[in-house]
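>>> Need coordinates for the below:
(one chain, ligands or ions: 1)
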Amino acid sequence: MTTTTQRDDLHPGAPDGRPLLEARDLVAGYLPGVDILHDCNLQLHPGELVGIIGPNGAGKSTLLKALFGLVSVRSGSVTLGEEDITNLRADNLVRRGIGFVPQTNNVFPSLTIAENLQMGVFQAPKEFEAQFDRVMGLFPELATRARQRAGSLSGGERQMVAMGRALMMNPSVLLLDEPSAGLSPVRQDETFLRTRRINKAGVSIVIVEQNARRCLQICHRAYVLDQGSNAHSGPGRELMDDPRVIELYLGTLEADVAKEEAEGRHEEP
Ligand SMILES: Nc1ncnc2c1ncn2[C@@H]1O[C@H](COP(=O)(O)OP(=O)(O)OP(=O)(O)O)[C@@H](O)[C@H]1O
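Numbers count the residues shown, from 1 in each chain. A predicted model of the protein is given here:
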């Protein structure tokens, strides 16, 4: 793996330099004998917003799921602080302060917004009122519509409900799987700004994103995955200008168009 030099100010709130969440040499997969992740490493320091980007099928979502016990880890470890949390069940991880927002099917459509958020604290029902007010403060757009059914919301609003539900347990770590997927460019930007606000409010975040440029713009650091392995990592803004990252991922469309033009295959739109 190529690692760009990291500066101390990229690890807000971590004077001793120890990660809050760490994946070490993860090997994981869905089917017996088929590994999707090959010795993957990731560190999330307190206060950090860390991105995972890479080509389609690189294993980004699989890495996030492996952190949250949703994909079986065959070797390597996941630690939270000093605790080994490898392959622990999701409900256990939620109790330990990790929230996970899946990319799809992330709301209960027949339940209202308030009921969806209530599901987020089913392990601590007495917390509902205090947490509901706190989370509504983060999503004022939802506050006036708490009784609306989630199934009638737009994609961006559903994403807010899903994030809100994960935040109801007041997690220290939030794992976001492609929160901008399926949203218009304007709604995507809102999602990235909201993610940054939640991070600034004290939640350490790992975000998997297809929209690599936007992701790199808001992240303290990012990991580029390729074929289930770490390819590069470093500060988001440095990766945006790294020719190796551009070649591997960011520049593919531009490069493909240039290649087609050179071969005389490109038709003007
Ligand atoms: N439930 C599953 N069962 C079997 N294989 C799976 C499953 N989910 C994902 N895979 C495989 O794992 C590999 C990595 O998929 P993953 O979704 O992690 O990639 P990704 O980098 O998030 O891709 P994308 O950006 O396209 O969402 C792919 O080859 C995919 O087909």
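
>>> what's near enough to touch the residue in the stretch 151-269 of the chain that the ligand sits nearest to?
Using Cβ to the nearest ligand atom, the point where the stretch 151-269 of the chain gets nearest to the ligand is Q210, with a distance of 5.4 Å. The C-beta positions use only the backbone N, C-alpha and C, and glycine is treated the same way. Residues counted as contacts of Q210 (Cβ atoms under 8 Å, 6 or more residues apart in numbering) are 53, 178, 180-181.

>>> what's the distance between it and A181?
Taking Cβ to Cβ, to the nearest Å as the measure, Q210 falls 7 Å from A181.

>>> and which of the contacts of Q210 is nearest V135?
The shortest approach to V135 among those belongs to S180, at 20.1 Å (Cβ to Cβ).

>>> before we move on, the earlier item: now render the contacts of Q210 as a markdown table, adding neighbour count, distance to the ligand and secondary structure.
Shown next, in a markdown table, are these (neighbours: other Cβ atoms under 10 Å; distance: Cβ to the nearest ligand atom, whole Å; DSSP: H, G, I helix; E, B strand; the rest coil):
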| residue | neighbour count | distance to the ligand | secondary structure |
| --- | --- | --- | --- |
| I53 | 28 | 9 | strand |
| E178 | 23 | 7 | coil |
| S180 | 25 | 12 | coil |
| A181 | 16 | 8 | coil |
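
>>> Need the residues you listed in CSV (columns: pLDDT).
Below are the contacts of Q210 laid out as CSV (pLDDT from 0 to 100):
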residue, pLDDT
I53, 94
E178, 94
S180, 91
A181, 89
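
>>> ok, so of these, who is nearest N199?
Distances from N199 to those, taken by Cβ to Cβ, are shortest for S180, at 15.2 Å.

>>> give me the number of residues near the closest residue to that closest one other than its chain neighbours?
Nearest non-adjacent residue to S180, counting by Cβ to Cβ, 6 or more residues apart in numbering: Q188, 4.0 Å away. Using other Cβ atoms under 10 Å, the number of residues around Q188 comes to 20.

>>> Q188 touches R214, doesn't it?
Yes - between Q188 and R214 a contact is recorded at 6.6 Å, counting by Cβ atoms under 8 Å.

>>> any common contacting residues for the two?
Listed as contacting both Q188 and R214 by Cβ under 8 Å, 6+ apart are S180.

>>> that older thread, check the secondary structure at the residue nearest to S180 for me.
Following DSSP: H, G, I helix; E, B strand; the rest coil, we place Q188 in the helix state.

>>> Provide a list of residues in contact with it.
Residues counted as contacts of Q188 (Cβ under 8 Å, 6+ apart) are 180, 211, 214.

>>> now Q123
Taking Cβ under 8 Å, 6+ apart, one finds 91, 94-95, 169 in contact with Q123.

>>> what does this structure have sitting close to the ligand?
Residues of the chain found near the ligand (Cβ under 6 Å from any ligand atom) are 30-31, 36, 54, 56-62, 210.

>>> if we go to 8 Å?
With Cβ under 8 Å from any ligand atom as the criterion, the chain meets the ligand at residues 29-31, 34, 36, 54-65, 103, 177-178, 208, 210, 225, 228.

>>> Please spell out the ChimeraX selection for the buried subset of those residues.
A single ChimeraX command suffices to select whichever of the residues of the chain next to the ligand are buried according to 16 or more other Cβ atoms under 10 Å:
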select :29,36,54,55,58,59,60,61,62,63,64,65,103,177,178,208,210,225,228
